[in-house]
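sequence and predicted structure, then a few things I'm wondering about:
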Amino acid sequence: MASEAKVVAKKRAKRIPLTYVVALVPVAAALNIVGGYINTALHLPIFLDMIGTAVVAIVLGPWWGALVGAITNIVSSFISGPINLPFAACNVVGALIWGYAHQWGWMRKQWSFFLVNMLVALFVTIVAVPIYVFVFGGATGHFADLMTAAFVGMGDRLITSVFKSNILVSLADKIIAGYVALAIIEALPTNLTENLKLPQAQGLNKIIMPLIGVLVGVLIVILFTFVIAPGA
């Protein structure tokens, strides 16, 4: 099964014009960078820096997505400071999970597409927590630091507190990123998307399903911001 998926992926890769690759990779990285800048400027309780990563990982493949993720954090480190550089590992891990999950056919159904985004959130958090704790002492100036401080004040260990706050933020962020990416993919040229193994939708459902996914992510953000964070 996995070998068949690899063969299909290789055949698809050969049919993708190089011009699309050259165009899509920098545009996706720019989308990530702009999203991250908006997040920083507005102090949002999410990240918004992996939408382009998801698009490229699904459309072109996991390693092209990983390249987008690496470019994103390297360039962002020059714009917003070196704090972004170590988190390139998170962007790369997210790309690999999105990309390989798609190649292995794990994203064909609405429910499995949703679960893959949650899986991305989990693994990105697992990679991010040691960076937060051992590189930055548990805080980077993100909104989630408030939750981390609250959990520490309740007696949790620092690493546990960072995990709890990060997984909440990451779940909302990756669900939003995955469904915004799905909407973007729907708008790409047909010869790029006709063989993709994504949830099938017709007519208005092409807009409604990504919108529902984004709304779920937004609800998690609202829950995090106005219920969980104040309660902690």
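Nice, thanks for sending it over.

okay, now Ile74: neighbour count?
By the measure other CB atoms under 10 Å, the count of residues near Ile74 is 14. Glycine gets a C-beta too; all of them are placed from N, C-alpha and C.

buried residues, stretch 41-48. List them.
Leu44, Pro45, Ile46, Phe47, Leu48 (16 or more other CB atoms under 10 Å).

am I right that the first one is in contact with Phe143?
Yes: using CB atoms under 8 Å, Leu44 and Phe143 qualify as a contacting pair, with a distance of 6.8 Å.

grab the longest helix from the protein for me.
helix 158-186 (DSSP state H).

buried sites along that one?
Residues 158, 161-185 are the ones in helix 158-186 that count as buried (16+ other CB under 10 Å).

what kind of secondary structure is the residue in the chain sticking out farthest from the centre in?
No residue in the chain sits farther from the centre than Gly155, which is 30.5 Å out by CA atoms, centre = their mean. Counting by DSSP: H, G, I helix; E, B strand; the rest coil, the backbone at Gly155 sits in coil.

what pLDDT is listed against it?
Gly155 carries a pLDDT value of 87.

go on, the one 3 residues further on?
The model reports Leu158 with a pLDDT of 94.

make residue 1 into 30 and carry on from there
From this message on, residue numbering opens at 30, which makes the last subject Leu187.

need the contact list for it.
For Leu187, the contacting residues are Val162, Gly167, Thr177, Val181, by CB atoms under 8 Å, 6 or more residues apart in numbering.

top of those residues by neighbour count?
Thr177 (25 neighbours).

show me which positions of the host helix or strand of that residue end up buried.
Following DSSP states H and E, one finds Thr177 within helix 173-182. For helix 173-182, the neighbour count (16+ other CB under 10 Å) marks Ala173, Asp174, Leu175, Met176, Thr177, Ala179, Phe180, Val181 as buried.

my guess is the fifth one contacts Val191, does it?
Which is Thr177. Yes: under the criterion of CB under 8 Å, Thr177 makes contact with Val191 at 5.4 Å.

identify the contacts common to those two.
Common neighbours of Thr177 and Val191 (CB under 8 Å, 6+ apart) are Gly167.

pLDDT below threshold where in this protein?
30-44, 229-240, 242-243, 246-247, 249-261 (pLDDT under 70).

near Asn220, how many other residues are there?
Count around Asn220 with other CB under 10 Å applied: 11.

dump the residue contacts of the closest residue to Gly94 other than its chain neighbours.
Nearest residue to Gly94 in three dimensions, chain neighbours excluded: Ala86, at 2.6 Å (CB to CB, 6 or more residues apart in numbering). By CB under 8 Å, 6+ apart, the contact set of Ala86 is Trp93, Gly94, Ala95, Val97, Gly123, Ala124, Leu125, Trp127, Gly128, His131.

now do Ala86 against Gly207, distance only.
The gap separating Ala86 from Gly207 is 10 Å, by CB to CB, to the nearest Å.

shared neighbours, the two?
Shared contacts of Ala86 and Gly207, counting by CB under 8 Å, 6+ apart, come down to Trp127.

quick check: Phe142 touching Lys226?
No: with contact defined as CB under 8 Å, Phe142 does not reach Lys226; the gap is 10.0 Å.

now the helices for the protein?
For the chain, the helices defined by DSSP H cover 31-44, 47-71, 80-88, 91-109, 117-132, 139-159, 165, 173-182, 187-215, 219-222, 234-252, 258-260.

most packed of those?
Among these, helix 80-88 has the highest mean neighbour count (mean count of other CB atoms under 10 Å), at a mean of 29.

so that one versus helix 139-159, what angle?
Orientation check (axes from the mean of the first three to the mean of the last three CA atoms, to 10 degrees): helix 80-88 against helix 139-159 gives 130 degrees.
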